[in-house]
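Trainee: Prediction below, plus the sequence it came from.
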Amino acid sequence: MSIRTLRQPAHAADLIRKFEDRTARVGVVGLGYVGLPLAVEKAKVGFQVLGFDRNAARVAEVNLGSNYIEDVRDAELRDLVLDQRRLEATTEWGRLSSMDAVVICVPTPLTRNLTPDLQFVEAVTREVARHLRPGQFISLESTTYPGTTEEVIKPLLEATGLKEGEDFHLAFSPERVDPGNKRYTTKNTSKVVGAASPRSQEVALSFYRQTILDVVPVSSSRIAEMVKVFENTFRAVNIALVNELAMLCDRMDLDVWEVLDAAGTKPFGIMPFYPGPGVGGHCIPLDPHYLEWKAREFNFNTRFIALAGEINRRMPEFVVAKAMRLLSDHGMGLRTARVLVLGMAYKKDVDDARESPSAEVVHLLAERGARVAYHDPHVPRFHEGPVELQSVALSADALDEADLVLILTDHTQVDYAFVLRHAHLVLDTRNATRGLLCEAGKLVRL
Ligand SMILES: NC(=O)c1ccc[n+]([C@@H]2O[C@H](COP(=O)([O-])OP(=O)(O)OC[C@H]3O[C@@H](n4cnc5c(N)ncnc54)[C@H](O)[C@@H]3O)[C@@H](O)[C@H]2O)c1
C-alpha cells in the first residue's frame, strides 16, 4: 500500500520527502563496526549525518576525520568530515531532537548467565525518548530477540505521550555487515526491514532505499528480528556440524578438509562451512542465545542452539588437547613448550578479538604452563584477565624459537610458506597452509 493511499499524517509524508530529497538529518547512535560504516554510507549519498557515542575518544577521532574501523576508507571519512562537512560526531544527547531519523547500533551482549543484556539499547532508547518530538523516525539495527522493538522500545518511546505510527515512526532493520568482506558492503548487502505499523513501514522503506540497493520488506518488526537471529543461528549450527565432523575425523584419522572439499563439489544441496578453533566475534557466539532465551517464554526448547553452542565452545579445549598430543609425539610437554600463536582476531582479516577463540586457547595454554607469544598483523595488543601480550614480529627467529606454531586465524597477509620454512612443528586449525608442501611430520591440520 502506498503512503498516499494510507492517507498518512503530514509527519510521514514530510519524512519521506526529506529522505527522497536528502534534506533529512540522520543521527546514528553507536559508532562501532556497524554504526560508523552506516554513518559514512548515509553521508555519502548527501544526508547531513550526526553520530552519537558515549565514548568521547571515538567522537573526537571522527571529528578529526581519523578512522578506526577497517571497513571504512580513511580518505572517504576524512573527505566527508573535513571537506564536505557532512559527517560529525557528538556525545551530546540534546542534539537528538534536531534529527529526522535516528538509527540505533549499540552492542547487545549476553549476561554471565547467557541471557540477553539490553542495557545499552534501553539506555539509548531512554535518551531518544527524552528528546523525542513529533515527526521523527527511529530504527533499531542492533541484533536482538523477536519482540524487542514492540515490547521494549515502543513502550519506552510511547511513555512520552507520543504515539507510534502517528507522531513518530519505528522500525527494526538488522545490520548484516560482514567485517572484512570486500565484496559485500553495507550498500550492496540486501537489508530486511520490518516496522511496528504499516505507516512506519512506508517511512522505513523510504529511508533505507536511499542507501541500500536491495531492501526486503517484511510484515513486522518481530519477523525482521527473527530473520536476523535465524541467520546467525544457521551459521552457528552449521559451523558446529563441521566442528563435530573435524573431531570425529581426528578420532578416525581422516583429513576433514579433504572430506569437505570433495563434499563441496556436489552442485546442489550443500553449502561450504569450515571447522576451526571455535566461534568468535560479537554475533555467532551470542545471538542464538537471544532466541534461546525468548523461546523459553513460549515453553520451547531450542535444542539445536544449545547443542551448537556446546560443540563450538568445546573447540578451544580440543585444539589444546591436540597441541598437547602433537608435542608429546615429539617428546615435549606443554609445561615446558614455547608456543607461537598466529592470529588473535576471531576471523580472517579483521582486527576484532572480541569473544575470539584464540583468547580461550591462549588462556588454556598459559594455564597449563606453556610460554605463549602471538603474532597478529591486525591486533597489536591483547589483554584479557591475567593474560597481557603484544604481537611479536613474524621473523625467522621467532618461528625457529617456538616448539609449536599454532595457526588460529588465517589472515591473508601472513606468509604461510615462510612459516612452514622456519617452524619446527605447525598445527593449522584453519587450513591456511592449503596446497603448501613441507617436510613430512612437520605440519598437522585440525
Ligand atoms: N560487528 C558485526 O559484525 C555486527 C554485524 C551485524 C550486527 N551487529 C550488531 O550490531 C550491534 C552493534 O555492534 P558493533 O559490532 O557495531 O558494536 P561496537 O562495540 O563496535 O560499537 C558499539 C558502539 O556503541 C557505543 N555505545 C555503547 N553504549 C552506548 C550508549 N549507551 N550510548 C551511546 N553509545 C554507546 C560504543 O561506545 C561503541 O562505539 C550489535 O547488536 C551487534 O550484534 C554487529
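Mentor: Received the coordinates, thanks.
Trainee: Just the element for residue 267, please.
Mentor: Using DSSP states H and E, residue 267 is not contained in any helix or strand.
Trainee: Give me the below-cutoff pLDDT ranges for the chain.
Mentor: Residue ranges of the chain with pLDDT under 70: 1-9.
Trainee: got the residues of it near the ligand?
Mentor: Residues of the chain lying close to the ligand by C-beta under 6 Å from any ligand atom are 29-35, 52-55, 58, 105-108, 120, 123-124, 142-143, 175, 177, 179, 282-283. C-beta: built from backbone N, CA, C; applies to glycine.
Trainee: just the buried members of those?
Mentor: Those of those that meet the buried threshold are 29-35, 52-54, 58, 105-108, 120, 124, 142-143, 175, 177, 179, 282-283, by 16 or more other C-beta atoms under 10 Å.
Trainee: Please narrow the residues of the chain next to the ligand to those residing in strands.
Mentor: 29, 52 (DSSP state E).
Trainee: In the chain, which residue sits closest to the ligand?
Mentor: Closest approach between the chain and the ligand, counting by C-beta to the nearest ligand atom: residue 32, at 1.8 Å.
Trainee: what's the closest non-adjacent residue to that residue?
Mentor: Among residues not flanking residue 32 along the chain, residue 105 sits closest, at 6.8 Å (C-beta to C-beta, 6 or more residues apart in numbering).
Trainee: so that neighbour sits right up against residue 29, yeah?
Mentor: Yes: look at residue 105 against residue 29 with C-beta atoms under 8 Å: they come within range, at 6.6 Å.
Trainee: Find residues that contact each of the two.
Mentor: Both residue 105 and residue 29 are in contact with residue 35, where contact means C-beta atoms under 8 Å, 6 or more residues apart in numbering.
Trainee: Which residue ranges of the stretch 101-250 of the chain form strands?
Mentor: With DSSP state E, counting those that start in this stretch, the ranges of strands along the stretch 101-250 of the chain come out as 101-104, 137-140, 169-172, 191-195, 215-217.
Trainee: residues contacting residue 364?
Mentor: Here residue 364 is in contact with 316-317, 320 (C-beta under 8 Å, 6+ apart).
Trainee: how much space is there between the residue of the chain closest to the ligand and residue 160?
Mentor: Noted for residue 32: a distance of 27 Å to residue 160, by C-beta to C-beta, to the nearest Å.
Trainee: do residue 356 as well
Mentor: Taken as C-beta to C-beta, the span from residue 356 to residue 160 is 41 Å.
Trainee: Wasn't residue 382 part of a strand?
Mentor: Yes: Residue 382: assigned to a strand according to DSSP: H, G, I helix; E, B strand; the rest coil.
Trainee: Surely it and residue 361 touch.
Mentor: No: applying C-beta under 8 Å as the test, residue 382 and residue 361 come out as separate, 11.8 Å apart.
Trainee: Which of the two has more residues huddled nearby?
Mentor: Legend: neighbour count by other C-beta atoms under 10 Å for residue 382 and residue 361, higher for residue 361 (28 against 20).
Trainee: The more buried one and residue 262: what is the separation?
Mentor: 28 Å.
Trainee: who does the nearest residue to residue 173 once chain neighbours are set aside bridge with?
Mentor: Nearest non-adjacent residue to residue 173, counting by C-beta to C-beta, 6+ apart: residue 193, 4.6 Å away. Beta-bridge partners for residue 193, by DSSP bridges, are residue 217.
Trainee: Could I get the contacting residues of residue 193?
Mentor: 171-173, 201, 204-205, 208, 215-218, 224.
Trainee: Pull out the buried residues from those.
Mentor: Applying 16+ other C-beta under 10 Å to the contacts of residue 193 flags 171-173, 201, 204-205, 208, 215, 217-218, 224 as buried.
Trainee: From the residues you listed, pick the one nearest residue 375.
Mentor: residue 173 (38.4 Å; C-beta to C-beta).
Trainee: so the closest one makes contact with residue 138?
Mentor: No: contact between residue 173 and residue 138 fails when scored by C-beta under 8 Å: they sit 11.1 Å apart.
Trainee: Residue 345 is in what secondary structure piece?
Mentor: Applying DSSP H and E, one finds residue 345 in no helix or strand.
Trainee: ok, it - contacts?
Mentor: Neighbour list for residue 345: 351-353, 356, 358, 376, 378-379, 409, 411 [criterion: C-beta under 8 Å, 6+ apart].
Trainee: The residues you listed in helices, which ones?
Mentor: Residues of the contacts of residue 345 located in helices (DSSP state H): residue 358.
Trainee: Tell me which of the contacts of residue 345 fall in strands.
Mentor: Using DSSP E, none of the contacts of residue 345 sit in strands.
Trainee: quick one: which of the contacts of residue 345 is nearest to residue 98?
Mentor: After measuring the contacts of residue 345 against residue 98 - C-beta to C-beta - the closest member comes out as residue 352, at 32.6 Å.
Trainee: which residues touch that closest one?
Mentor: So residue 352 contacts 33, 179, 281-282, 345-346 (C-beta under 8 Å, 6+ apart).
Trainee: Pick the one among those closest to residue 70.
Mentor: Within those, the smallest distance to residue 70 is 7.1 Å, found for residue 179 (C-beta to C-beta).
Trainee: Quick check on the closest one: phi, psi?
Mentor: Here is the backbone geometry of residue 179 (degrees, to the nearest 10): phi -50, psi 140.
Trainee: residues contacting it?
Mentor: Applying C-beta under 8 Å, 6+ apart, the residues contacting residue 179 are 33, 70-71, 281, 350, 352.
Trainee: Turn these into JSON lines, columns for distance to residue 441.
Mentor: Supplementary listing: these in JSON lines, determined by distance: C-beta to C-beta, whole Å:
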{"residue": "33", "distance to residue 441": "41"}
{"residue": "70", "distance to residue 441": "37"}
{"residue": "71", "distance to residue 441": "40"}
{"residue": "281", "distance to residue 441": "34"}
{"residue": "350", "distance to residue 441": "33"}
{"residue": "352", "distance to residue 441": "35"}
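Trainee: Go through the residues you listed and name the one nearest residue 134.
Mentor: When those are ranked by distance to residue 134 (C-beta to C-beta), residue 33 comes first, at 32.5 Å.
Trainee: my read: that closest one touches residue 177, true?
Mentor: Yes: with contacts counted by C-beta under 8 Å, residue 33 reaches residue 177, the gap being 6.8 Å.
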